[in-house]
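A.B. asks: Prediction below, plus the sequence it came from.
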Amino acid sequence: MTLLRRDGSARTAAVAAGTAAVALLLGGCGIRATTVPVDVGPAPSRVSCDTPADKATQGVQGFRATIELVCGSQLVGVERVVPVPEKRQTKDPLVLVAQALLEELERVPSEAERDAGFSTGVPPGLTAGPARPGDPRGTLRLSRKPEDLPPVALAQLVCTTAGSEAVSAGSGPVVLGGPDADPPRKWECTDAMRARPESVPTLGELVRTTPSPAHAPSPEPSPEPSAETRPGEGTGPGSVAPPAASTGPTGSDAGATPAG
């Protein structure tokens, strides 16, 4: 038996023997050894995504709502007390609630929420407005086209609006439009949207508008009967024909002799 005098040589020999044994084992199982790296998916997220109490809204008068924030590359609902907007440019309760939800989505998460991994992708300055004539009931018009929003922001807005009983009529789609006259579009908050908000198609399904009664063309008024066709002046049975116009002397004037 050969004695190895150096520790490095002993370790090298052990590594070589181990590699040979693994190769024989894989070969015996019919598995070919490879050096190509295997994709095992992304590293697990270290954020907790726990929903801490939002101290910024404690003591604030408003309504409770679930605000969809981003945590761990997915949407996670956070319970908050949403204050009513101070600048009320409309009396429409639907628009007021939608504007309050927008402002809450735009607000930077609290320090405790940021430490837990929460963030928001909704850009500041986005406002809500009433529906246009002909829009389906429950339509919200935004100050920016929904298809121009980042996919994550659109997913946050759709799922937050869908979860609000004050805005959404149920589990149906959320209908959003822009500030122009383009028809609105609809989106649904699905499990896929919540799991992968960055992959949301920003171009929702087109919603056909209906003509508004206020803008429907009014019927043309019936033409007034002319003097020749007024009742009692026609030429039909029971009617009296108007007297013919005189074109020359009649009666006693016909035989009168002009004075000399």
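C.D. replies: On my side now, so go ahead.
A.B. asks: all helices for the stretch 51-200 of the chain, in order.
C.D. replies: Applying DSSP state H, counting those that start in this stretch to the stretch 51-200 of the chain gives helices spanning 93-106, 111-115, 151-162, 191-195.
A.B. asks: Of the ones you listed, flag the one that's most buried.
C.D. replies: helix 151-162 (a mean of 24; mean count of other CB atoms under 10 Å). Where you see a C-beta, it was placed from the backbone N, CA and C, and this is true even at glycine.
A.B. asks: could I get the helices of the stretch 51-200 of the chain as JSON lines with mean pLDDT and distance to residue 81?
C.D. replies: Listed next are the helices of the stretch 51-200 of the chain as JSON lines, based on pLDDT from 0 to 100; distance: least, CB to CB, whole Å:
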{"stretch": "helix 93-106", "mean pLDDT": "93", "distance to residue 81": "10"}
{"stretch": "helix 111-115", "mean pLDDT": "92", "distance to residue 81": "14"}
{"stretch": "helix 151-162", "mean pLDDT": "96", "distance to residue 81": "15"}
{"stretch": "helix 191-195", "mean pLDDT": "96", "distance to residue 81": "23"}
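A.B. asks: nearest to residue 141, of those helices?
C.D. replies: helix 93-106 (8.7 Å; CB to CB).
A.B. asks: quick revisit: with residue 63 as the reference, name the closest of the helices of the stretch 51-200 of the chain.
C.D. replies: helix 93-106 (7.5 Å).
A.B. asks: Please name every helix or strand in contact with the closest one.
C.D. replies: strand 62-71, strand 74-83, strand 128-129, strand 140-142, helix 151-162 (3 or more CB pairs under 8 Å, 6 or more residues apart in numbering; DSSP states H and E).
A.B. asks: Could you point out which of those sits nearest residue 112?
C.D. replies: strand 74-83 (10.7 Å).
A.B. asks: Okay, angle between the closest one and helix 151-162 too, please.
C.D. replies: 50 degrees (axes from the mean of the first three to the mean of the last three CA atoms, to 10 degrees).
A.B. asks: Parallel or antiparallel, list what pairs with strand 74-83.
C.D. replies: strand 62-71 (antiparallel) (DSSP bridges).
A.B. asks: hmm, who's touching the strand it pairs with?
C.D. replies: Strand 62-71 is contacted by residues 47, 49, 75-84, 97, 100-101, 104-105, 109, 113, 116-121, 152, 155-156, 159-160, 163-164, 166, 194, 197 when judged by CB atoms under 8 Å, 6 or more residues apart in numbering.
A.B. asks: Tell me the buried residues in it?
C.D. replies: For strand 62-71, burial by neighbour count (16 or more other CB atoms under 10 Å) applies to 65, 66, 67, 68, 69, 70, 71.
A.B. asks: Out of those residues, which is nearest to residue 190?
C.D. replies: Of those, the one sitting nearest to residue 190 (CB to CB) turns out to be residue 68, at 12.9 Å.
A.B. asks: Export the helices of the stretch 51-200 of the chain as TSV, with columns for distance to residue 178.
C.D. replies: Shown next, in TSV, are these (distance: least, CB to CB, whole Å):
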stretch	distance to residue 178
helix 93-106	14
helix 111-115	30
helix 151-162	12
helix 191-195	20
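A.B. asks: Ok, which of those helices comes nearest residue 201?
C.D. replies: helix 151-162 (7.8 Å).
A.B. asks: still on that earlier bit, closest one to residue 175 among the helices and strands packed on helix 93-106?
C.D. replies: Using CB to CB, the nearest of the helices and strands packed on helix 93-106 to residue 175 is strand 140-142, at 7.1 Å.
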